[in-house]
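[1] Next come a sequence and a model predicted from it.
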Amino acid sequence: MVSTLGGLQRYFRVILLLLLALTLLVLARFLLTDLELVTPLFGGQAKGPPVTNIMFLKTHKTASSTVLNILYRFAETHNLSVALPAGLHVHLGYPRLFLARYVEGVELQQHFNIMCNHLRFNLPEVQKVMPNNTFYFSILRNPVFQLESSFIYYKTYTPAFLRAPSLDAFLASPRTFYNDSRLLKNVYAKNNMWFDFGFDPNAPREEGYVRARIAEVERRFQLVLIAEHLDESLVLLRRRLRWALDDVVAFRINARSALRDPPGARDPGARAELVRAGLAPVRAFQPQPLGQLRAELGPRRLRGEVERLRARRRELATLCLQDGGEPKNRTQIRDLRLRPYQSGRADILGYNLRPGLDNQTLRVCQRLVMPELQYMAHLYALQFPEKPRKNIPFLGE
Ligand SMILES: Nc1ncnc2c1ncn2[C@@H]1O[C@H](COP(=O)(O)OS(=O)(=O)O)[C@@H](OP(=O)(O)O)[C@H]1O
């Protein structure tokens, strides 16, 4: 009887200890989560006012219009000056190397807060326009996807693409179609991101040369976003710029309709082919925004931040967009101010807004979906009311 009692006591003690351990575990987990909730967002982040002097090197076909929309909205909301293309131009001199004189009003106003339109990077000239404490960042995309996007978008403009019957044919034998001598029109066909950074896309593929150029980029650019991990990249951008969540929430701008995609470019052989053909020294860029973020925030917090960003985007899509945010093709977009510029063989998608939005909501929603050219023209009119408006011809189609 005594031994049975002793056995029961031991049994209950073990159960009690297990329960205690379980309670502690639950409590610890709760406390940890709770701490994350109560500590200010991005605890450990350098404190200070939001960063407002920013140079974004907008590379081609890399989700850069989505980032541009973020910067335009921030500039407009905070009444910041933007280095916009002069006169009726829509680029800052691209594909020529950037010169300060391509910026409207540069002779009157020496420095601007934000520079983000397409340009070919040329640091000394950029420095004439941007303040010393400017935050420099850019964006890169997997060169295979970038080239696929570029091929369709510039199909009817770039000689190398014009001559190629299909993307597969181009990838199988790029030299058949690409000609160095037509560089300025062929920039979209070879190492386009490399070219945008101001480098020579036809330079010999020497390891030392490539490494030296990458070191230059690393010295100047505080951050390089990766299109394939855009949400994580935006979390990191927000952290660096000390911005609010809504400042970096954006819808996908300038996407192509899937119906017109040619098959083939995404097969694994295509990448090898691209690299073999010398089309992608950019592959040597290996920035690690995800690695940096995981180290800074920890994987659980990073997941939480990305989820917060996505949840807010879903919320805004429900608030602003027709049909739950389903992108629309050019014929479906009724408001010309919201119809994106169309190019080559691409069917570039945009959005319709929900009818019946009140004025304040309409303003916010319009800006979230306003295509790049229209937004640039809008900012230009605000910044230079005395100048003739930018002419956006396709609006009249
Ligand atoms: N959020 C997000 N995530 C991933 N990818 C995105 C995103 N936003 C835009 N995109 C894709 O980027 C392509 C358009 O790039 P750009 O805006 O840089 O084009 S442009 O040079 O300004 O014309 C275009 O690629 P393709 O659809 O492959 O053509 C867009 O779909």
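    Yep, that arrived.

[2] which ones are touching the nearest residue to G325 once chain neighbours are set aside?
    Once flanking residues are discounted, G325 sits nearest to A317: 3.5 Å by CB to CB, 6 or more residues apart in numbering. From N, CA and C alone the C-beta is placed, and that goes for glycine too. Listed by CB atoms under 8 Å, 6 or more residues apart in numbering, the contact set of A317 reads F251, G324, G325.

[3] 10 Å instead, please
    Neighbouring residues of A317 by CB atoms under 10 Å, 6 or more residues apart in numbering: V249, F251, D323, G324, G325, E326, Y351, R354, C365, L368.

[4] Skipping its backbone neighbours, what lies nearest the third one in space?
    So the one you mean is D323. Closest to D323 by CB to CB, 6+ apart is N352, at 7.6 Å.

[5] so how many other residues sit close to that neighbour?
    20 (other CB atoms under 10 Å).

[6] circling back: secondary structure class for the residue nearest to G325?
    helix (DSSP: H, G, I helix; E, B strand; the rest coil).

[7] Which positions in the stretch 101-250 of the chain make contact with the ligand?
    Within the stretch 101-250 of the chain, the positions near the ligand by CB under 6 Å from any ligand atom are F145, S149, A227, L230.

[8] Can you tell me which helices and strands the host helix or strand of the second one packs against?
    Translated: S149. Using DSSP states H and E, S149 sits in helix 143-153. Here helix 143-153 touches helix 159-163, helix 167-172, helix 192-196, helix 268-276, going by 3 or more CB pairs under 10 Å, 6 or more residues apart in numbering; DSSP states H and E.

[9] mind running it again at 8 Å?
    helix 167-172, helix 192-196, helix 268-276 (3 or more CB pairs under 8 Å, 6 or more residues apart in numbering; DSSP states H and E).

[10] now for the shortest one, which elements pack on it?
    In this case it means helix 192-196. Looks like helix 192-196 contacts helix 143-153 (3+ CB pairs under 8 Å, 6+ apart).

[11] just how off-centre is the helix it packs on within its chain?
    In terms of CA atoms, centre = their mean, to the nearest Å, the centre of helix 143-153 is found 16 Å from the chain centre.

[12] 22 is where my numbering starts, stick with that
    Got it, the first residue is 22 from now on, which makes the last one we talked about helix 164-174.

[13] got the contact list for the closest residue to M391 other than its chain neighbours?
    Spatially, and ignoring its direct neighbours in sequence, M391 is nearest to L359 (6.6 Å; CB to CB, 6+ apart). L359 makes contact with G371, Y372, N373, L374, Q387, V390, M391, P392, Q395, according to CB under 8 Å, 6+ apart.

[14] Just say helix, strand or coil for the last one.
    Q395 falls in the helix class when you classify it by three-state DSSP.

[15] cool, the fifth one as well?
    When classified by three-state DSSP, Q387 comes out as helix.

[16] Surely it is in contact with L374?
    Yes. Q387 is within contact range of L374, at 6.9 Å (criterion: CB atoms under 8 Å).

[17] what's the distance between the residue nearest to D344 and Y362?
    17 Å (CB to CB, to the nearest Å).

[18] do N212 as well
    N212 is 24 Å from Y362, by CB to CB.

[19] One more: A121?
    From A121 to Y362 the distance is 26 Å (CB to CB).

[20] swap in L340?
    The value you get for L340 to Y362, if CB to CB is used, is 26 Å.

[21] who has more neighbours, the two?
    The neighbour comparison of L340 against Y362 (other CB under 10 Å) goes to Y362, with 19 against 15.

[22] Distance of that one relative to N275?
    In terms of CB to CB, Y362 sits 9 Å off from N275.

[23] Need the overlap of contacts for the two.
    I369, P392, E393.

[24] Kindly indicate which of the residues you listed lies nearest A181.
    I369 (21.2 Å; CB to CB).

[25] Tell me, how many residues neighbour the nearest residue to the closest one once chain neighbours are set aside?
    In this structure, I369 finds its nearest non-sequential neighbour in P361, 4.5 Å apart by CB to CB, 6+ apart. P361: 26 surrounding residues under other CB under 10 Å.

[26] again with D221
    12.

[27] Would you confirm that L105 contacts V124?
    Yes. L105 lies in contact with V124 (CB under 8 Å); the separation is 7.0 Å.

[28] all strands of this structure, in order?
    Secondary structure of the chain, counting by DSSP state E: strands at 75-78, 135-136, 156-161, 244-247.

[29] which stretch among the ones you listed comes nearest R117?
    Nearest of the strands of the chain (CB to CB): strand 75-78, 15.2 Å.

[30] so where's the stretch 272-418 of the chain shaky on pLDDT?
    The stretch 272-418 of the chain contains residues with pLDDT under 70 at 279-314, 414-418.

[31] what about the closest residue to N212 other than its chain neighbours, distance to the ligand?
    Nearest residue to N212, sequence neighbours excluded (CB to CB, 6+ apart): P222, at 3.7 Å. Note on P222: its distance to the ligand, by CB to the nearest ligand atom, to the nearest Å, is 16 Å.

[32] contacting residues around P222?
    By CB under 8 Å, 6+ apart, the contact set of P222 is L204, V208, K211, N212, N213, W215, F216.

[33] Tally up the residues packed near the fifth one, please.
    This points to N213. 24.

[34] and what of the first one?
    Residue neighbour count, defined by other CB under 10 Å, stands at 15 for L204.

[35] I figured it hits N223, correct?
    Yes. Using CB under 8 Å, L204 is in contact with N223, at 7.3 Å.

[36] Low-confidence bits of the stretch 22-171 of the chain, can you list those?
    For the stretch 22-171 of the chain, the ranges with pLDDT under 70 are 22-33, 35-67.

[37] mind redoing it with 50?
    Applying pLDDT under 50 to the stretch 22-171 of the chain flags the ranges 22-23, 46-65.

[38] the helices in it, which residues?
    Secondary structure of the stretch 22-171 of the chain (DSSP state H, counting those that start in this stretch): helices at 23-59, 85-98, 144-150, 164-174.

[39] which parts of stretch 149-157 are buried?
    By 16 or more other CB atoms under 10 Å, the buried positions in stretch 149-157 come out as K149, V150, M151, T155, F156, Y157.
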